[in-house]
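Engineer: Generate coordinates for the sequence data below:
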Amino acid sequence: MQVKKFEARTMKEALEMVKTQLGPDAIILSARDNNKSFGLVGEGSVEITAAVSEETLQRKRFVESRLRTEDREKLLRSPARVQKQMIDQMVNSYIAGQEEKAPRTITRTRYIEIEDEQQAAQNQAVLAAERIRGAAQRALTALQDNVPEPEPRSNPIKGRNAKPTAPMAPGATRDRSEISALKGEIAGLKQLIAQFREMPQNILAGQHPGASYGLRFEVSEMFDRLIKAGIAESVAAEILTEAQQQMPALKLKNKALVEAWTAKYILNSTQVVTDKQVSKIHVFVGPAGSGKTSTLIKMASHYVVQENKKVALVTLDTMKVGAADQMRIYAQILNVPFAIVRQRSDWDKIMAQLSGYDHILVDSPGLSLKSMEEISLIRQLLPPDQRWSLRTHLVLSCLGKDSDLTEIGKRYKVTEFQDVIFTGLDESNQHGTIYNFMRRFSTPLHSFGIGSRVPEDYEVATRERVLDLIFKITKMNRVDQQG
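Structural biologist: All right, here's what the predicted structure looks like:
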């Protein structure tokens with residue numbers, strides 16, 4: 001699936017762009033008006049997010065490649081309904097021509113009687129069991145009715161008076177042929193049992209992915225895909241249960257429609273911080289190794305270099321050796337003020353000196369918050385939010401386990417964090433943990449750290465980016481601005 005944004009002055013122009021680039025089968029995921037001054041050329045605009053499956057896009061490109069330039073332009077200018085009819089007609093004609101060239105295969109089952117994969121597997125298992133029982137019954141009946149009584153063993157050393165062996169009767173010959181046929185049937189029965197044992201038992205028992213959550217077979221592939229992306233099983237089950245309730249049964253059999261519905265659901269349910277510059281003081285909290293300091297430096301560089309803001313750096317970390325010196329060096333590089341807070345009373349003097357600055361970024365010590373001592377320490381060091389506009393960011397790493405991130409979020413509730421920042425996106429392949437945390441704590445996403453470069457590897461969080469990470473729509477690319 002491909003997801004793309006389109007921006008135009010009017011809704012009609014935006015829809016025309018969607019039809020031209022993605023085709024008539026594109027699905028509109030969201031649409032919104034940009035009434036502020038950041039639209040096209042400073043005017044208001046319309047922004048549409050649309051998606052289309054790879055198969056549908058390939059069909060469109062295939063048809064366009066076989067048309068002349070004037071016919072291609074005529075196709076793109078046609079209404080969506082006419083465009084869809086032309087694409088389907090050309091593709092179906094091409095497929096029909098290829099099938100005529102290919103050798104025909106003979107099948108006993110009509111197409112209309114072919115069932116889906118799960119039902120076919122279950123029917124095959126039932127038929128195999130019936131054949132086994134029937135063959136066993138026939139074998140037992142044949143043995144009871146046709147097998148002759150065994151003759152007593154004769155003495156291998158015959159005397160002179162031994163009578164000659166009587167010739168074999170015609171009935172015995174018939175019995176021998178029936179026994180041979182029975183042996184052949186038993187051999188076939190053994191082969192059938194071996195095939196039956198090789199069948200996947202999870203299919204026979206109906207244990208497809210998500211079956212334990214009450215999910216149907218049609219959405220099991222999407223369930224498995226979400227799990228591999230890092231989405232928790234319970235969260236994936238909630239999403240696809242909603243899909244089963246809202247989508248008609250016929251549409252559930254279409255994998256592309258299930259994928260589009262799931263993508264739209266994740267896009268609409270993702271929460272992000274919309275206004276990231278309201279607060280004056282930004283406090284970064286989180287466990288050790290989560291990337292608080294590097295994220296703070298990236299955000300400070302972003303404000304100073306790209307937005308020309310007046311920024312000051314403050315650290316609360318006097319526990320870690322060299323933490324204050326490291327922050328002081330960063331402040332010198334950015335040519336911004338730097339201060340150390342050792343107790344809450346220091347904030348009055350610091351804020352008096354930094355009152356004219358746009359943003360004050362505050363680094364905190366990496367604590368586990370497992371003890372009341374650490375909880376009391378972090379509360380004493382944080383600035384009082386009654387006087388100044390304060391926003392607390394919880395910084396977490398994508399490399400952490402989903403269960404560990406949930407536990408950290410519960411402990412750090414004492415800091416009253418308003419949003420979450422995820423780092424290490426370039427090192428992890430389980431980006432579903434981002435969505436899990438956001439959903440569990442109803443906390444919006446602020447920004448992402450995608451590497452070690454400053455300030456290039458810092459980006460604000462968007463709903464489209466989260467969808468991209470979960471569905472692996474595009475590879476993570478970072479624009480190289482060196483040189």
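
Engineer: drop to CA atoms for contacts and neighbour counts, all remaining ones
Structural biologist: Noted.

Engineer: Now stretch 208-224: buried residues?
Structural biologist: 208-210, 215-220, 222-224 (16 or more other C-alpha atoms under 10 Å).

Engineer: Those: which two are farthest apart?
Structural biologist: Among the buried residues of stretch 208-224, the pair separated by the greatest distance (C-alpha to C-alpha) is 216 and 224, at 12.4 Å.

Engineer: which neighbours do these two share?
Structural biologist: residue 210 (C-alpha atoms under 8 Å, 6 or more residues apart in numbering).

Engineer: residue boundaries of the strands in the protein?
Structural biologist: With strands called from DSSP state E, the chain shows them at 2-8, 27-34, 45-52, 281-285, 311-315, 338-340, 359-363, 390-397, 419-423, 445-449, 458-460.

Engineer: counting contacts, what elements does the second one pack onto?
Structural biologist: Think strand 27-34. For strand 27-34, the packing partners by 3 or more C-alpha pairs under 8 Å, 6 or more residues apart in numbering; DSSP states H and E come out as strand 45-52, helix 255-269.

Engineer: Can you list the strands that it pairs with?
Structural biologist: Sheet pairing of strand 27-34 (DSSP bridges) gives strand 45-52 (antiparallel).

Engineer: just to revisit the earlier point, wait, which of the strands of the chain is closest to residue 293?
Structural biologist: Per C-alpha to C-alpha, nearest to residue 293 of these: strand 359-363, 6.3 Å.

Engineer: Compute the inter-axis angle for the closest one and strand 390-397.
Structural biologist: With axes from the mean of the first three to the mean of the last three C-alpha atoms, to 10 degrees applied, the angle from strand 359-363 to strand 390-397 works out at 50 degrees.

Engineer: Compute the inter-axis angle for strand 359-363 and strand 311-315.
Structural biologist: 20 degrees.

Engineer: Adjacent strands (with direction) for strand 359-363?
Structural biologist: strand 281-285 (parallel), strand 311-315 (parallel).

Engineer: which other residues reach the last one?
Structural biologist: Right, strand 311-315. 300, 303-304, 324, 327, 331, 336-341, 354, 357-364.

Engineer: And for the first one?
Structural biologist: With C-alpha under 8 Å, 6+ apart as the contact definition, strand 281-285 has outside contacts at 292, 296, 359-366, 382, 388-395.

Engineer: Now which of these would you call buried?
Structural biologist: Using 16+ other C-alpha under 10 Å as the threshold, 292, 296, 359-366, 382, 390-395 are the buried ones among these.

Engineer: Residue 20 is nearest to which of the strands of the chain?
Structural biologist: strand 2-8 (11.3 Å).

Engineer: Would you mind pulling up the elements that that closest one packs against?
Structural biologist: Using 3+ C-alpha pairs under 8 Å, 6+ apart as the test, strand 2-8 ends up in contact with helix 11-22, strand 45-52.

Engineer: how about these in TSV, adding mean pLDDT, mean neighbour count and distance to residue 76?
Structural biologist: What follows is the helices and strands packed on strand 2-8, written out as TSV (pLDDT from 0 to 100; neighbours: other C-alpha atoms under 10 Å; distance: least, C-alpha to C-alpha, whole Å):
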stretch	mean pLDDT	mean neighbour count	distance to residue 76
helix 11-22	84	18	6
strand 45-52	83	21	17
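
Engineer: Columns distance to residue 184 on top of those, output as TSV?
Structural biologist: Shown next, in TSV, are the helices and strands packed on strand 2-8 (distance: least, C-alpha to C-alpha, whole Å):
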stretch	distance to residue 184
helix 11-22	60
strand 45-52	56
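
Engineer: which one of the ones you listed lies closest to residue 60?
Structural biologist: Going by C-alpha to C-alpha, the one of these nearest residue 60 is helix 11-22, 8.0 Å.

Engineer: Not counting that closest one itself, show me its contacts.
Structural biologist: 6-8, 26, 46-48, 50-52, 57, 76, 80.

Engineer: from these, which two are the most distant?
Structural biologist: 46 and 57 (23.6 Å).

Engineer: Point out where the chain drops to low pLDDT.
Structural biologist: Applying pLDDT under 70 to the chain flags residues 35-43, 102-175, 195-206, 276-277, 385-386, 475-483.

Engineer: Domain boundaries for it, per the record?
Structural biologist: 2-101, 117-144+174-207, 211-269, 281-471 (automatic domain parsing).

Engineer: In CSV: those, plus distance to residue 275.
Structural biologist: As requested, the domains of the chain are exported to CSV (distance: least, C-alpha to C-alpha, whole Å):
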stretch, distance to residue 275
domain 2-101, 13
domain 117-144+174-207, 46
domain 211-269, 18
domain 281-471, 9
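
Engineer: can the strands paired with strand 359-363 go into a markdown table with extra columns for mean neighbour count and distance to residue 426?
Structural biologist: Shown next, in a markdown table, are these (neighbours: other C-alpha atoms under 10 Å; distance: least, C-alpha to C-alpha, whole Å):
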| stretch | mean neighbour count | distance to residue 426 |
| --- | --- | --- |
| strand 281-285 | 24 | 21 |
| strand 311-315 | 23 | 27 |
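
Engineer: Mind putting these into CSV with distance to residue 21?
Structural biologist: What follows is those, written out as CSV (distance: least, C-alpha to C-alpha, whole Å):
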stretch, distance to residue 21
strand 281-285, 41
strand 311-315, 43
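
Engineer: wait, which of these is closest to residue 248?
Structural biologist: Nearest to residue 248, of all these, is strand 281-285, at 45.7 Å by C-alpha to C-alpha.

Engineer: Next, the angle strand 419-423 makes with the closest one.
Structural biologist: 60 degrees.

Engineer: Now the most centrally placed residue in the chain: closest residue in space that isn't a chain neighbour?
Structural biologist: Centroid-nearest residue in the chain: residue 226, 3.6 Å away (criterion: C-alpha atoms, centre = their mean). Excluding its sequence neighbours, the residue lying closest to residue 226 (C-alpha to C-alpha, 6 or more residues apart in numbering) is residue 236, at 6.4 Å.
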